[in-house]
Each structure stands twice: as C-alpha cells, then as structure tokens.
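Novice: predicted model and sequence follow; I will ask about them next.
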Number of protein chains: 2
Amino acid sequence: MLPIGKLSAATGVKVPTIRYYEQIGLLPEPGRSAGNQRLYGKSEQERLAFIRHARELGFPLEAIRELLSLSDDPSQPCAAADGIAKRQLQAVNARISRLTALRAELQRMVAQGAHGAISDCRVIETLGNHALCSHDHPADAG
Amino acid sequence: MLPIGKLSAATGVKVPTIRYYEQIGLLPEPGRSAGNQRLYGKSEQERLAFIRHARELGFPLEAIRELLSLSDDPSQPCAAADGIAKRQLQAVNARISRLTALRAELQRMVAQGAHGAISDCRVIETLGNHALCSHDHPADAG
DNA sequence: TCTTGCAGCTCTAGTTGCTAGAGCAATTAG
DNA sequence: CTAATTGCTCTAGCAACTAGAGCTGCAAGA
C-alpha cells in the first residue's frame, strides 16, 4: 500500500493532481491509514497510469472518464473505445494542420527581420493588417 | 461610431469577448452614448482587429499586450516585437512536433481496429500498459 | 403613441485541468 | 525525542473566455 507521495513518484502524476482526480471522480476514494492518509493499491496505480497515458495523448478528461467506464465493464464492445480514439486522432490531425498554417505565416513575419523602429516593423504591420495575410484564419488558434 | 454589436460583426470578435478585453485593459474604455452604450471609432476597431489576428496566430494575451504597448510607442526599436514573434514561432514548432509524435501513437492504436469486446481491446490495452508504447511522453499534451 | 423585440448593460459564476498557498496533523529519519 | 518531511483540508488562482440572470435602451411597425 503506497501513500500518495509514492504513488505520485511511481506514476509521474503530481500529488495535488491525484487528489484532484479523486475529487472529480476519476479515481475512487482510496482507503486511509489510521492517521487519515490515503493508501493506494495496485489497481489504483494501474488506473492512474492509464489516466496519465491517455492525458499525455491529449485525451480530455471526459473522454478518459468514458474509456474508464468502458474498461470497467469488459463485456462492452470495443467499438466505443475505438471511436473515442478515432475522434482524438482527428482532433490531433486538425490541430496539426492549423498549426502548420500558422507556422507558415509566422515564418513569413519573422523572415522580414528586425530593421528599424516600430514604425516600419513588419511584425506589427502584418498583425495590424489582416489583408496582408493571404489565408483566412479559423476561429480557434489551437 | 459603432455600437458593440456592429464592432463585433465588423471584426469577428464576440460581444462578451470585446467587453472582456476592455475589462483586462487590452482595449481602452470607449465613449458612451447618452444611454450608456459603448461607441467605438476607427482606432478601436483597428486595435481590436490587431488583437484578433494575433490571437488567431496563437499569441497569448500577455504577448499581445506587449506588442500593443510597443506599437503605441513608434520610436521603440523593432527588435522586441520581432523577438515576441520568434518566441511564438518556436512555441508553434514545439507543439507541432509534440502533436506529430502523438498522432503516430494514436494511429498505431486505431490501426488495430475494433474487434471483439473490451476485454481484448487494443485501445484500452495500449493506454493501460505504458510499456507497449515505445517512446516516452513529455509532460504536456499540447 | 404604443409596443414589441432585439440590442445593450452589469454582475456573477462556470468552463478545463490543474497549481499554489495557508494552516494544520501525521509520519519518519537521525 | 526532535526536526524534517509528508500528508491533510480548504480556498483561490491561472488562461481566455462563455453563459446566464435580470435589467434598460432604442428603433421600427401598427
């Protein structure tokens, strides 16, 4: 049985984050020591490792909650979990293409270089004049 | 002189967002009509367009605040603005490479397909077992 | 003129995924 | 036995908005 600090070290999830996950119901309330300190077993550690890995892959906590509830019921079909992963893949792809377009524009801005005073600064001018920018931007900057 | 709704339509920034920008000091307090409604002129509209464009490029509001204060003083050298843009470009590059790595792992997960029940679901298994994943993940999922 | 209905106002609270701090109790190392 | 570390609860804060309540302003049609 590990106290929270050891669990944190073992999984790489910070202590307040573990307590936060418990608070929002991603982790079950663990047993306590005589002195009221949380004690975790193997299954909680695995569950937390699962959460951590999914977070690293960019899954939002709500998706992780759904994946956990699926895996809590092993008779469920796999398709739901697969769908969640596919949505996440699509989201990542969308963010990559957004960012690639942004990079192109930033590179154009920076390539002009820093010459004189602000009054003829390409960076400021480019940002101020949307017409100088060839493409149109979607709503979210990713 | 435009009321806030027209300014919103003209710039593509939502009405509550405009008020929020005023509240945090990115936009000056505009003049008001006899009935206490905000009225905006050309310069505020340009300033807001600048903010919007920079937000679309992913600049955080603090960087935008700095760019605005630079452009408010046209005798400042351009290098500072250039540095901000370069930092932003680096941040975007970092996020792209993070996301590209994540995409590879998600693609591997999804490529296994949805076969039977959760009990032999590749997605769940991959997330649960970090050892199955060849690379190590940095802290932030981007 | 009246009235209807949209637009605007202020204020508070919620979102996501944590992080930081206060002020205390428990445990552990020396 | 004491000091350092770890743990506890609780509240508040971060970015960058978004949503809602409950009110007022204003323009246009009947």
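Specialist: Received the coordinates, thanks.
Novice: and the nearest residue to A:P77 once chain neighbours are set aside, how far from A:D82?
Specialist: Counting by C-beta to C-beta, 6 or more residues apart in numbering or on different chains, the nearest residue to A:P77 once its immediate chain neighbours are dropped is B:A117, at 5.9 Å. C-betas here are computed from N, CA, C, even on glycine. Applying C-beta to C-beta, to the nearest Å, one obtains 12 Å for the distance of B:A117 from A:D82.
Novice: who has more neighbours out of those two?
Specialist: Neighbour count, other C-beta atoms under 10 Å in any protein chain shown: between B:A117 and A:D82, A:D82 has more, with 20 against 13.
Novice: the helix or strand hosting that one close to chain B?
Specialist: In this structure, A:D82 sits in helix A:79-111 according to DSSP states H and E. Yes. Contact of helix A:79-111 with chain B (C-beta under 8 Å from any C-beta of the partner chain) involves A:79, A:81-86, A:88-89, A:92-93, A:95-96, A:99-100, A:102-103, A:105-107, A:109-110.
Novice: how about the contacts made by the residue nearest to A:P77?
Specialist: Under the criterion of C-beta atoms under 8 Å, 6 or more residues apart in numbering or on different chains, the contact partners of B:A117 comprise A:74-78.
Novice: go again with 10 Å.
Specialist: Residues near B:A117 by C-beta atoms under 10 Å, 6 or more residues apart in numbering or on different chains: A:73-79.
Novice: you'd agree A:E44 is up against A:V13?
Specialist: No. If you go by C-beta atoms under 10 Å, A:E44 and A:V13 don't touch, sitting 11.3 Å apart.
Novice: can you list residues touching both of these two?
Specialist: Taking C-beta under 10 Å, 6+ apart as the criterion, A:E44 and A:V13 both touch A:7, A:27.
Novice: the closest residue to DNA strand C within chain A: how many residues sit nearby?
Specialist: For chain A and DNA strand C, the shortest gap (C-beta to the nearest atom of the strand) falls at A:G35, measuring 2.2 Å. Applying the criterion other C-beta under 10 Å, we find 5 residues in the vicinity of A:G35.
Novice: report pLDDT for it.
Specialist: Reading off the confidence values, A:G35 has pLDDT 96.
Novice: same question, A:A139
Specialist: As summarised for this prediction, A:A139 has a pLDDT of 37.
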